[in-house]
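1. structure for the following, please:
(one chain, ligands or ions: 2)
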Amino acid sequence: MAKEPVRVLVTGAAGQIGYALVPMIARGIMLGADQPVILHMLDIPPAAEALNGVKMELVDAAFPLLKGVVATTDVVEACTGVNVAVMVGGFPRKEGMERKDVMSKNVSIYKSQASALEKHAAANCKVLVVANPANTNALILKEFAPSIPEKNITCLTRLDHNRALGQISERLNVQVSDVKNVIIWGNHSSTQYPDVNHATVRTPAGEKPVRELVADDKWLNSEFITTVQQRGAAIIKARKFSSALSAASSACDHIRDWVLGTPEGTWVSMGVYSDGSYNVPSGLIYSFPVTCKNGEWSIVQGLSIDELSRKKLDLTAQELSEEKDLAYSCLS
Ligand code: NAD
Ligand code: LMR
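-> Ligands and ions are numbered 1, 2, ... in the order given. Got it, this is the predicted structure:
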């Protein structure tokens, strides 16, 4: 029997990530090749004509899984009945801007959209915040939507996770699908900590630690980390726009693994509400290694944290605490 369609909201759908993301969702890349979807696309009135153009293209592409499209500038209509909400709408960072510059523009959007989701989304709606500052926007959304379970509000650090996999695969000249269990800790910003201490590569002789195969701790502890931390800025410098296709693809990876589960023995990175694991202060949306099963994520427990890693985990937590204070000062 055919499955009931799932309603997926994409805010900022007329923007660059939106334009890359909606066809991926309509093709089943996010929720599976047998899962019909109804797309809800929200943007602001100046983008209404462009949004309608995206809707026209979705019709023209004749996606078999796409059972309906709502394209609107009305936040209530957009949020009504949605099962998955991908929050991309906001003001992107431009060349030369720090992420903090975009804070005041974006947190007030997330405060108002929190109440629309709380009142009108389907019960148990899963929320992924992509728009920057992603962790802090997600935290504001959580705090202003108190009836949405905190487990349902997450932010995107899967792009950073995928970037780390990509760097290791290039360095070792191995398939990216053979590399697993990198971790992004903390903020989706240049203080994030890409950690390879538990990462492995599948080889004909079995799984080997990334550290053993790379055999260059200097590179792993410096250039690798800064390359991943600065990749967003490097893309902006090269394209004059922030990353879009990789962000859209990673957003699909995030929701797919959350809904359908992570493969046995593999974890992924998600920005989730901290419960104090690894001595990360609770009350922050922080990126952790997680596994997913039956539509629920769980933080991977018991990983060893060396001294260098501890400092980096604390540094990015400190930045998130400061961002939280700044966000509240922007809202007051
Ligand atoms: P964009 O400017 O191309 O698109 C943003 C869209 O949001 C625009 O169409 C704009 O009209 C719309 N918008 C603005 N305010 C809105 C509101 N209140 N409600 C609904 N829509 C609204 O930007 P983009 O390149 O698509 O990037 C979107 C966001 O994603 C930015 O904040 C960017 O920094 C962030 N980003 C995050 C990651 C990540 O890994 N977390 C990666 C890349 C980009
Ligand atoms: C990215 O990681 O590509 C985006 O978050 C862009 C940015 O603002 O760094």
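2. can you name the residue of the stretch 1-150 of the chain nearest ligand 1?
-> G15 (1.9 Å; CB to the nearest ligand atom). C-beta coordinates here come from the backbone N, C-alpha and C atoms, glycine included.
3. low-confidence regions, the chain specifically.
-> Applying pLDDT under 70 to the chain picks out residues 93-95, 98-100.
4. okay, helices next: where are they in the stretch 151-300 of the chain?
-> Under the criterion DSSP state H, counting those that start in this stretch, helices of the stretch 151-300 of the chain are mapped to 158-172, 210-214, 217-221, 223-229, 231-239, 245-260.
5. closest one to P36 among these?
-> When the helices of the stretch 151-300 of the chain are ranked by distance to P36, counting by CB to CB, first place goes to helix 245-260 at 14.2 Å.
6. so what does the closest one touch, helix or strand wise?
-> helix 16-26, strand 84-87, strand 126-129, helix 158-172, strand 268-273, strand 285-293 (3 or more CB pairs under 8 Å, 6 or more residues apart in numbering; DSSP states H and E).
7. next SSE after the third one?
-> Sequence order places helix 134-143 as the next helix or strand after strand 126-129, per DSSP states H and E.
8. how about that following helix, does it reach ligand 1?
-> Yes. Judged by CB under 6 Å from any ligand atom, helix 134-143 comes into contact with ligand 1 at A134.
9. so that helix, near ligand 2 or not?
-> No. In terms of CB under 6 Å from any ligand atom, no part of helix 134-143 sits within range of ligand 2; the closest distance is 7.1 Å.
10. relative orientation of that helix and strand 268-273 in degrees?
-> For helix 134-143 and strand 268-273, the angle between their directions (axes from the mean of the first three to the mean of the last three CA atoms, to 10 degrees) works out to 40 degrees.
11. what residues sit buried inside helix 134-143?
-> Using 16 or more other CB atoms under 10 Å as the burial criterion, the residues of helix 134-143 that qualify are 134-143.
12. so which of those residues comes closest to V300?
-> Closest to V300 out of the buried residues of helix 134-143 is N135 (18.7 Å), distances taken as CB to CB.
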